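Chemist: Just the structure for this:
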Amino acid sequence: MKKLSVFFAIIFGMMGIVRADEGMWLPMFVERLNYVDMQKMGLQLTPEELYSINNSSLKDAIVGLSNGAKPRGFFCTGEIVSQNSLLFTNHHCGYSSIAALSTVEHDYLNEGFAAKNFSEELPAEGVSASFLIRMEDVTAEILSVITDDMDYMARQKAIGEKIKELEEAASEDGKLNPVIKGFFEGNEYYMFVYKTYTDVRLVFTAAQSIGKFGGDTDNWMWPRHTGDFSVFRVYADENGEPAEYSENNKPLTPKYNLPISLDGVKQDDFTMIWGFPGSTERYMSSYGINYNVDVFYPIVYEVFKAETDVMDEYMKVDKAVNIAYADNKAGLANTWKNFEGQITMLRKNKVAERKAALEAEFTEWVNADEDRKAEYGDVLETLEVMYAQLAEVAPYLFYPNFTAQLSPMATAAEFSEYYQVMTSKESSKEDKKAAAEALKEIDVDAMFKDLDARVEKGMLIAVMNIYGSKFENDELPEAIQKLMKKYKGDWTALANDIWDKSMFSNAETVKAFIEKPSAKKLEKDLAYVMYNALIEQLYTAAPAYRIANIAIAEADHEFVKGLREFYAATQPDKVLYPDANSTLRMSYGSVKDYSPADAITYDYVCTANGILEKYIPGDFEFDAPQRLLDLIETRDFGQYADDNGELITCFLSTNDITGGNSGSPIMNGKGELIGLAFDGNWEAMSGDVNFEPKLQRTINVDIRYVLFVIDKVYGATNLIDELDIHKAMPEPIRVEEE
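Modeler: The predicted structure is shown next:
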């Protein structure tokens, strides 16, 4: 039995044993911290087979997906599944690339895509795939530059310089990509050395009616029938080294690729997930939780929801708009629903109250010793005061910030530097001439590419009305007060005039201005006036916001340092794990159902029958391809059916994951791929802050459904032939001789 988490010790201490497959563990510590426990649960691999820097191991098949050749973090995870570096990840991880490659004529988003050979594979521009070479503890080197007389900013500067020095030394003249990150709020530091490949190509995607089946309605919900997967390939030069895209590049020969199991899952089977979880806040104070739930999350939810509602209106009826806005809408919708879930479940699961109980225990321990009191006595009070300051200034920063990002204000922002030069008394004629010439470097067509006037105007009206509802007239910047007087408080009328009268609403008038620029014309433009007023409001709030965040960061550092000492003194057997920070982690657990409420129990698997039950012809979220429906109706599942003849689409496990783990492989005790992690469940949306052992589940797309779609729905047998597929032979029926 693993130890309970830091924050559950107090709450569940009197409730008996609670099984908690909690923790996102650093692979370099697996043998010391986790291996025995994993063996007992069903792991059959050795520590060396899991993580090795000298020999090929499972970690060599795990890929961090990001943008650029020197990524600092990863938006998703992928896994290598063939000797030609075929890479599986989620459909929503590949969504941006699929959308970028789609056109009205070649609508891969809605029709799917399957390359028959290497030459048909499409470059996923901007996407990179990073393989971890090694990780190492550099805490001593980093903290050696810190002295007691340094303030917070001086410490951060010294740490930053040391990190840069160590990363450069480990880069092998730019061949490798070392990244050093802080753990436990800057109390430990580790270096991760990656080799990053930038030639990544799309190989296969199902239509989004499979890959995104259920849309926003089903997001974070169970049961789930989403085929959330896509397939890419990593390419390298003739020596197997990273190289920019070239027709001469070849598929990378990987150090290791994952075998695939068709044996399926059953209740309590051992599972492990490897990947790059983005961010958790398991050590957040009750004050931070309350700020997020009461202030920050509601602001983001309201604005992003309004924007996606406008997008939906036009995306549902216009194929070109659907393609153009698909990626942007997906990101915004994922964020607002995540925040909606966190607001709901952090409150329902009483996470702030439970953290407050821990803080009371911590305070009692601190106050029992004068030295501890001198070091940690003010930490929680600082957090309380500074989060209150954040709550006070946040509306004055975030609402104007989101509003200023709207078109045409965002376009007008590109001309701020020109205006400053032209109106400055210190600017020479040469400066002004250069500023005017610099405008010609603006790629106006790129700025307006794929923008739909109906969508942009609709979002402008919606968000400006939200903005206007949040402030009394005397709280608004003077320029906006004047506009409100002119428009008699009608934000919709103002938004309409900004769109209809600003030269920044369309490409042709922007180009005309660039050809004949004028500071006087600029300062009279409604969008430019609105943009500057919003920025003035934002900048006025920014200093207090920045001061509060610096104080919170410093207090969090001390609080976590104190918590570690508290547990070392009071529960010395407890093993703490660091928050996720987009570095390679391993979590382990088991296949398991759950009960979300009284008299309700959810099975640990769901089947393709649910697709027929949810199917709504022509619906934006619940339509499905006819080929898929026919195969389900005739129960033509081939080798991908389970022992009962059913096709499993998704299954649940108790693994601890978060964003960034999307696309991560979920494996059985043999290290065989049994599915792809793609979501958490609604009832445990508070899980990034506090792990919920009875409720928290990972939703995984079953690998058999993945292969069924590739093989039976799209006929891409060339990809099936690449894979190392395992299936246990049935036990022979033995007849005893008499």
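Chemist: Shouldn't residue 590 be within a strand?
Modeler: Yes - the secondary structure assignment for residue 590 places it in a strand, going by DSSP: H, G, I helix; E, B strand; the rest coil.
Chemist: residues contacting it?
Modeler: Contacts for residue 590 (Cβ atoms under 8 Å, 6 or more residues apart in numbering) come out as 21, 41-42, 268-271, 653-654. Backbone N, C-alpha and C define where each C-beta goes, glycine included.
Chemist: Kindly indicate which of the residues you listed lies nearest residue 246.
Modeler: Nearest to residue 246 among the contacts of residue 590 is residue 271, at 39.1 Å by Cβ to Cβ.
Chemist: Pull up the per-residue confidence for the closest residue to the closest one other than its chain neighbours.
Modeler: In this structure, residue 271 finds its nearest non-sequential neighbour in residue 653, 4.5 Å apart by Cβ to Cβ, 6 or more residues apart in numbering. The pLDDT attached to residue 653 in the predicted structure is 98.
Chemist: Same check on residue 148?
Modeler: Residue 148 is assigned a pLDDT of 89 by the prediction.
Chemist: hmm, back to that, taking the contacts of residue 590, please make a ChimeraX selection of just the buried ones.
Modeler: Once 16 or more other Cβ atoms under 10 Å is used to decide burial, the buried members of the contacts of residue 590 can be selected in ChimeraX as follows:
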select :21,41,42,269,270,271,653,654
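Chemist: Make CSV from the contacts of residue 590 and add distance to residue 281 to it.
Modeler: Rendered in CSV, the data for the contacts of residue 590 read as follows (distance: Cβ to Cβ, whole Å):
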residue, distance to residue 281
21, 19
41, 27
42, 31
268, 30
269, 30
270, 28
271, 24
653, 22
654, 20
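Chemist: how many neighbours does residue 169 have?
Modeler: The local packing count at residue 169 equals 10, with neighbours defined by other Cβ atoms under 10 Å.
Chemist: and what of the one 4 residues further on?
Modeler: Neighbourhood size, residue 173 [other Cβ under 10 Å]: 6.
Chemist: Helix, strand or coil: sort out the residue nearest in space to the middle of the chain for me.
Modeler: In the chain, the C-alpha nearest the mean C-alpha coordinate belongs to residue 659, at 4.0 Å (Cα atoms, centre = their mean). State at residue 659, reduced to three classes by three-state DSSP: coil.
Chemist: Can you tell me the closest non-neighbouring residue to it?
Modeler: Closest residue to residue 659 apart from its sequence neighbours, by Cβ to Cβ, 6+ apart: residue 278 at 4.5 Å.
Chemist: hmm, who's touching stretch 503-519?
Modeler: 407-409, 411-412, 415, 418-419, 422-423, 436, 439-440, 442, 444-445, 447-448, 453, 456, 498-499, 521-522, 525, 527-528.
Chemist: Buried ones among those?
Modeler: With neighbours counted by 16+ other Cβ under 10 Å, those contain buried members at 407-409, 411-412, 415, 418-419, 422, 436, 439, 442, 444, 448, 456, 498-499, 522, 525, 527-528.
Chemist: how does this protein divide into domains?
Modeler: 9-280+583-726, 286-548 (automatic domain parsing).
Chemist: Would you work out how far apart the start and end of the last one are?
Modeler: Between the opening and closing residues of domain 286-548 there is a gap of 16 Å (Cα to Cα, to the nearest Å).
Chemist: I'd guessed the residue nearest to the centre of the chain sits against residue 280; true?
Modeler: No - because the distance of 9.2 Å does not satisfy Cβ atoms under 8 Å, residue 659 is recorded as not touching residue 280.
Chemist: Any regions of the stretch 101-250 of the chain where pLDDT drops low?
Modeler: Within the stretch 101-250 of the chain, the set of residues satisfying pLDDT under 70 is empty.
Chemist: ugh, wrong one, the stretch 601-738 of the chain
Modeler: Scanning the stretch 601-738 of the chain for pLDDT under 70 picks out the ranges 729-738.
Chemist: quick one, helices of the stretch 551-700 of the chain?
Modeler: Assignment of helices within the stretch 551-700 of the chain using DSSP state H, counting those that start in this stretch yields the ranges 609-614, 626-633.
Chemist: how about the ones you listed in JSON lines, adding mean neighbour count and distance to residue 111?
Modeler: JSON lines is the format used below for the helices of the stretch 551-700 of the chain (neighbours: other Cβ atoms under 10 Å; distance: least, Cβ to Cβ, whole Å):
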{"stretch": "helix 609-614", "mean neighbour count": "16", "distance to residue 111": "18"}
{"stretch": "helix 626-633", "mean neighbour count": "16", "distance to residue 111": "11"}
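Chemist: hang on, residue 219 packs against residue 330?
Modeler: No - with contact defined as Cβ under 8 Å, residue 219 does not count as touching residue 330 (10.0 Å).
Chemist: what residues are shared contacts of the two?
Modeler: Between them, residue 219 and residue 330 share no neighbouring residue, with contact defined by Cβ under 8 Å, 6+ apart.
Chemist: re the thing from before, let me have the helices of the stretch 551-700 of the chain in JSON lines, extended by distance to residue 701.
Modeler: Compiled in JSON lines, the helices of the stretch 551-700 of the chain are given as follows (distance: least, Cβ to Cβ, whole Å):
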{"stretch": "helix 609-614", "distance to residue 701": "13"}
{"stretch": "helix 626-633", "distance to residue 701": "14"}
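Chemist: Those helices: which one's closest to residue 308?
Modeler: helix 609-614 (21.2 Å).
Chemist: if we can go back for a sec, most tightly surrounded among the domains of the chain?
Modeler: Neighbour counts (mean count of other Cβ atoms under 10 Å) averaged over each of these peak at domain 9-280+583-726, with a mean of 19.
Chemist: and that one, how far out from the chain's middle?
Modeler: Offset of domain 9-280+583-726 from its chain centre (Cα atoms, centre = their mean, to the nearest Å): 12 Å.
Chemist: Identify the spatial nearest neighbour of residue 725, chain neighbours not counted.
Modeler: Nearest to residue 725 is residue 260, by Cβ to Cβ, 6+ apart, at 4.9 Å.
Chemist: ugh, wrong one, residue 203
Modeler: Take residue 203 and drop its neighbours on the chain: the residue closest to it by Cβ to Cβ, 6+ apart is residue 231, 4.4 Å away.
Chemist: So the one you found, which state does it fall into?
Modeler: In terms of secondary structure, residue 231 is strand; the call rests on three-state DSSP.
Chemist: one step back: assign the residue nearest to residue 659 to helix, strand or coil.
Modeler: Quick answer, by three-state DSSP: residue 278 is coil.
Chemist: What does the pLDDT read for it?
Modeler: Note on residue 278: pLDDT of 97.
Chemist: could you measure it against residue 344, distance?
Modeler: From residue 278 over to residue 344 the distance is 21 Å, taken as Cβ to Cβ, to the nearest Å.
Chemist: Then residue 149?
Modeler: Separation of residue 149 from residue 344 (Cβ to Cβ) stands at 46 Å.
Chemist: With residue 451 instead?
Modeler: The gap separating residue 451 from residue 344 is 34 Å, by Cβ to Cβ.
Chemist: which one of the helices of the stretch 551-700 of the chain lies closest to residue 718?
Modeler: Checking the helices of the stretch 551-700 of the chain against residue 718 by Cβ to Cβ gives helix 626-633 as the closest, at 18.1 Å.
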